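Student: Coordinates for the following, if possible.
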Amino acid sequence: MSSSFGARSGAAAGYMMKMPPLADKRAAAEALCSACTGPIYSQGLNTFKVPMAMFEVNRAKVVQSMLEQDPSAKGLILLEGGKQTTRYDTDHEPVFRQESYFHYLFGASQYSDCFGTLSLPDGEATLFVPSYGVDVATVCGPSPDFRYVKDELGLEKVYDVVDLKAFVEREMKRLDEAENEGGLDNEEKKGGGEQVRSKLYLLKGLNTDSGNFATPAFFEGIDKFRDVRDEDSLFRSISESRVFKSCAEIDIMRYTNWVSSMAHVEVMRSAKPGMMEYQLESLFQHHTYTHGGCRHMSYTCICACGPSANILHYGHAGRPNSRLLEEGMIALLDMGAEYNCYASDITCSFPISGSFTDDQKSIYEAVLAAQLKVISMLMPGVSWLDMHREAEREILKGLVKCGVLDDCGKDLDEITEAMLDADVGAIFMPHGLGHFIGIDTHDVGGYSPGKPARSERPGERKLRTARQLEEGMVITVEPGCYFIDPLIDAAMSDERQKHFLTDRVDDFRGFGGVRLEDDVWITSDGCENLTLCPRAIEEVLDVMSGGVWPPASDILPEMKRKWVTCKEGKIEFLDML
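Tutor: Prediction:
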């Protein structure tokens, strides 16, 4: 199917005047989101209804950010969507997942090999979708109907991808002509009347988690615009926009957390000695897809039981969730589903046998104390680096209480500070406290320009951000305590650390570890915990013995869980005693 587009009727400046102001577009989109009206994404049945106006809000945020950087900015933002890949040299196609930046702006989760543009300064969105020849259409179905896609996604324009080059050429020319016709104020021109040329804004920048770069869009003929390419401005604006979630985005993340939390509960109820780790993974995936419409996991499931739990990213190549569950083991399950490309990231730890040993209880309580302490302190203005230290502090206190660490005859608070100064916390929690989460599990914006740099200290250097928290951020809180032989052995030989460790540490070799992880939204006056998993020991044991979840009453209000369910595709809040 081909598409065509002709010259716009009327003067270019007249067209610019007809476009609603950016603030009005955003306000209208926010109203649609609040009412959950307009085009909707849903997987049917009782799955969550995502208002596509949410992506209009995202687009308006990014365009506004670009204009705040440079009030005279004009041109086209151009992004290239995710490509349908094949496995190695075969024709096997892995399930498609949209590129995250592209999804943030266009919401086109099901369409591969697309391009998208936003015009500056008006923010008009245009999507370019490929059409198929007969051979491909025979196998994959007919080409998309562009009018249907336009209505489905709530976009201004949808064209065939073959029209991209001509569209960019025409739009760049139109925007330049608009200035000559008086479409821009003279004061917006640079150099005393010098014309500001339209720019082609491309996405390029470093992902500080992966070390990889976002790749600028490319099409045959783009070299024509090499003199007006801007590969700096867009990355700053879109990455920072993604850090701060809208109310509509929070509702999706409430949903993914609800679905994943209920799946964790089902796995807790089912786990028992004699099962395999991969069966726990399978149960989780089955629940989130069957009951939540979540085709994708946010990341590779970590189903680490017994000694496996001291491998932080267990479940990947070489460690494929393949251990047999045995009596006396503790399970550390880090699993989260995504819906419409929005992630959840949740870790539960529990005893496979249905009851905690004294040692398991001691470590679990230390980690829970760390999580509760951090959650109690979360609010705008708090340093994430300070929160990491608070978590280490609580875990070290727990290890002193159970005899793994020596108090050296000193007050508990005093000896804990001495241990922190010696980086003892990093022996037992060798990862950062948490990370931003959103469209990606390790979401962007952790080490943006102008924000605090990465610490060089052990443990702290693993933090994925060192920023001060701000309203609208969503961040994971995931303290953990692990007994990793190489780290323990190194500490036993370290002059700063060895005198803190007792022989009791050998009792925990092979123990594995405990981690508790929740997704937390920073609000104007504190935080809201989006995750709804059992956390108190009483809650964990009750669920494992068949108890109802969610419970009739919240025995751990300090977790700041806001209890929800999904009814008729919408989030519904529950009243708890």
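
Student: Would you map the strands across the stretch 301-450 of the chain?
Tutor: For the stretch 301-450 of the chain, the strands defined by DSSP state E, counting those that start in this stretch cover 302-305, 330-335, 337-338, 346-351.

Student: Show residues contacting the first one.
Tutor: It stands for strand 302-305. Strand 302-305 has contacts (C-beta atoms under 8 Å, 6 or more residues apart in numbering) with 277-278, 280-281, 310-311, 313-315, 321, 323, 325, 329-335, 347, 352, 512-513. Using the backbone N, CA and C atoms, a C-beta is placed for each residue, glycine as well.

Student: shaky segments in this protein?
Tutor: For the chain, the stretches with pLDDT under 70 are 1-19, 179-194.

Student: one step back: in ChimeraX, how would I select just the buried ones from the contacts of strand 302-305?
Tutor: Burial among the contacts of strand 302-305 is assessed by 16 or more other C-beta atoms under 10 Å; the matching ChimeraX selection reads:
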select :277,280,281,310,311,314,315,321,323,325,329,330,331,332,333,334,335,347,352,512,513
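
Student: Make JSON lines out of the strands of the stretch 301-450 of the chain and add distance to Gly546.
Tutor: Formatted as JSON lines, those follow (distance: least, C-beta to C-beta, whole Å):
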{"stretch": "strand 302-305", "distance to Gly546": "21"}
{"stretch": "strand 330-335", "distance to Gly546": "17"}
{"stretch": "strand 337-338", "distance to Gly546": "24"}
{"stretch": "strand 346-351", "distance to Gly546": "14"}
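
Student: and Thr290, which of those strands is closest to it?
Tutor: strand 337-338 (11.1 Å; C-beta to C-beta).

Student: Determine the set of other helices and strands touching the closest one.
Tutor: When contacts are defined as 3 or more C-beta pairs under 8 Å, 6 or more residues apart in numbering; DSSP states H and E, strand 337-338 sits against helix 247-270, helix 277-292, strand 296-297.

Student: what do you get if the cut-off is 6 Å, keeping everything else the same?
Tutor: The helices and strands touching strand 337-338, judged by 3 or more C-beta pairs under 6 Å, 6 or more residues apart in numbering; DSSP states H and E, number zero.

Student: ok, it: who's next to it in the sheet?
Tutor: Strand 337-338 pairs in its sheet with strand 296-297 (antiparallel), by DSSP bridges.

Student: ok, and what's touching the strand it pairs with?
Tutor: Residues from elsewhere that reach strand 296-297 (C-beta atoms under 6 Å, 6 or more residues apart in numbering): 97, 337-338.

Student: PyMOL command to pick out the buried ones of these?
Tutor: PyMOL command restricting these to the buried ones, with burial defined by 16+ other C-beta under 10 Å:
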select buried, resi 337+338
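
Student: Format the contacts of strand 296-297 as CSV; extra columns: distance to Val158.
Tutor: Listed next are the contacts of strand 296-297 as CSV, based on distance: C-beta to C-beta, whole Å:
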residue, distance to Val158
Arg97, 21
Ala337, 29
Glu338, 25
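
Student: Compute the number of surrounding residues for Gln195.
Tutor: Neighbour count for Gln195, taken as other C-beta atoms under 10 Å: 12.
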